[in-house]
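*Asks:* Build me a structure from this.
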Amino acid sequence: FCGDCRSQFTVTVGTVFERSKIPLHKWVYATHLMCASKKGISSKQLERMLGVTYKTAWFMSHRIREAMKPAGGGLLGSNGSPVEADETFIGKKPFEAKRKGGYAHKEAVFSLVERNGSVRSFHVPDVKAETLKEKLISNVAKDARLMTDKGGQYRKTKDTFAKHEQVDHGIGEYVRGSVHTNTVEGFFGIFKRGIYGTYQHVSSHHLERYTTEFDFRYNNRIALGVNDSQRTDAALKGIEGKRLTYRRIGGQA
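*Replies:* Model (predicted):
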C-alpha cells in the first residue's frame, strides 16, 4: 500500500501491465519473445511457452503491441533523404465477396520507409490519391526525395516534395540508379511472411496493431545496431502511461 494515499500500489500501476494478475517475469519474457521473433510469435505459441490460457496470451500480446507504439518522431526524409512509399494488400475485408481480380476486397496497408532509417505503416481504407497524399504530407518532409512506382495515385504528390522519382514496374524497370522501391518491398516481404506464416489470420479490427509491431522491430533492427535485448528494453520503456483494457481491444481474435 502507498503510505500517503493508502491505495494499493505496484510497479505495474500506470503501465499497460496494470491490473494484471500475470507475474511480472512472464510479462518481461513475453515482451522479449515478441521483440526477438523477426516474423512475430503467435498467441498459441505464447500460451505454450508461458503456461497461460490462450485468451491471456492474446491479451498480453496486444498490450505489448500498445507499448510498441511510437511517441512522435518527426518527419521522414529531412535533409533530402530518400523516402520510399508503396502499398500492399492483406486478407479480405469483412463480408466482402471474393472477386476474380483487383484488390478492392482486400485490406490495404500503406508504408513509408526512409532509406537506412525508419518505417511507418498505416491500415488505410483505400489507396486513392487523396488518402495516400494525406499520409504523405503528415509524415514526410517537403525536402525529401519521394520514390514510388508509377501508380496513378501518386500523381497528385508530384509538386509536394523536393523530388518525386518513379520506377515503372509495368515495363520491367525496378532500379534506375538510386531510384527504386526495393526497401519498402523488402519490408512488405517480412510483414507478409509474419501475417500469413505466423499469425495466419488478422482481422481488420486489429490490423493496425500488427503494423505497429512489425514497424517497431524494423525500426529497432540489427542493421541499426539494436540487438534483441536492446529491442526488448525499448519496448519495456514504452509501457508507461498507457492503458489497454480487454473492452478497448474489442474481444476479437
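*Asks:* switch to C-alpha atoms for all contacts and neighbour counts from now on
*Replies:* Will do.
*Asks:* Tell me how many other residues crowd residue 81.
*Replies:* When neighbours are counted by other CA atoms under 10 Å, residue 81 registers 17.
*Asks:* From residue 137, how far off is it?
*Replies:* For residue 81, the distance to residue 137 equals 15 Å [CA to CA, to the nearest Å].
*Asks:* Also residue 182?
*Replies:* Taken as CA to CA, the span from residue 182 to residue 137 is 22 Å.
*Asks:* again, but for residue 173
*Replies:* 27 Å.
*Asks:* again with residue 145
*Replies:* Remark: distance between residue 145 and residue 137 (CA to CA) = 13 Å.
*Asks:* Now do the strands in the stretch 1-150 of the chain.
*Replies:* For the stretch 1-150 of the chain, the strands defined by DSSP state E, counting those that start in this stretch cover 82-90, 107-114, 119-124, 145-149.
*Asks:* Buried ones in stretch 186-198, by neighbour count?
*Replies:* 187-188, 191-192, 194-195 (16 or more other CA atoms under 10 Å).
*Asks:* wait, stretch 160-180
*Replies:* Those would be 160-161, 163-167, 174, 179-180, for stretch 160-180 by 16+ other CA under 10 Å.
*Asks:* For residue 194, list the residues it contacts.
*Replies:* 39-40 (CA atoms under 8 Å, 6 or more residues apart in numbering).
*Asks:* Please settle this for me: is it part of a strand?
*Replies:* No - read with DSSP: H, G, I helix; E, B strand; the rest coil, residue 194 is helix and lies in no strand.
*Asks:* pLDDT averaged over stretch 27-39 - what is it?
*Replies:* What stretch 27-39 shows for mean pLDDT is 96.
*Asks:* same thing with stretch 237-253?
*Replies:* 62.
*Asks:* Low-confidence stretches in this protein?
*Replies:* Along the chain, segments meeting pLDDT under 70 span 1-14, 95-101, 241-253.
*Asks:* In this protein, what residue spans correspond to helices?
*Replies:* 24-36, 43-50, 54-67, 129-139, 182-192, 207-219, 228-237, 246-249 (DSSP state H).
*Asks:* Compare these and give me the one nearest residue 109.
*Replies:* helix 207-219 (8.3 Å; CA to CA).
*Asks:* Export only the CA atoms of the closest one, formatted as PDB.
*Replies:* Written as PDB, here are the backbone C-alpha positions of helix 207-219 (Å, rounded to 0.1, in the frame of the first residue of the first chain):
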ATOM      1  CA  LEU A 207      -4.500  -4.900 -38.400                       C
ATOM      2  CA  GLU A 208      -3.200  -1.500 -37.300                       C
ATOM      3  CA  ARG A 209      -1.800  -3.100 -34.100                       C
ATOM      4  CA  TYR A 210       0.100  -5.700 -36.200                       C
ATOM      5  CA  THR A 211       1.600  -3.000 -38.400                       C
ATOM      6  CA  THR A 212       2.800  -1.300 -35.200                       C
ATOM      7  CA  GLU A 213       4.500  -4.500 -34.100                       C
ATOM      8  CA  PHE A 214       6.300  -5.000 -37.400                       C
ATOM      9  CA  ASP A 215       7.300  -1.300 -37.700                       C
ATOM     10  CA  PHE A 216       8.700  -1.400 -34.200                       C
ATOM     11  CA  ARG A 217      11.000  -4.400 -34.900                       C
ATOM     12  CA  TYR A 218      12.100  -2.900 -38.200                       C
ATOM     13  CA  ASN A 219      12.900   0.500 -36.500                       C
END
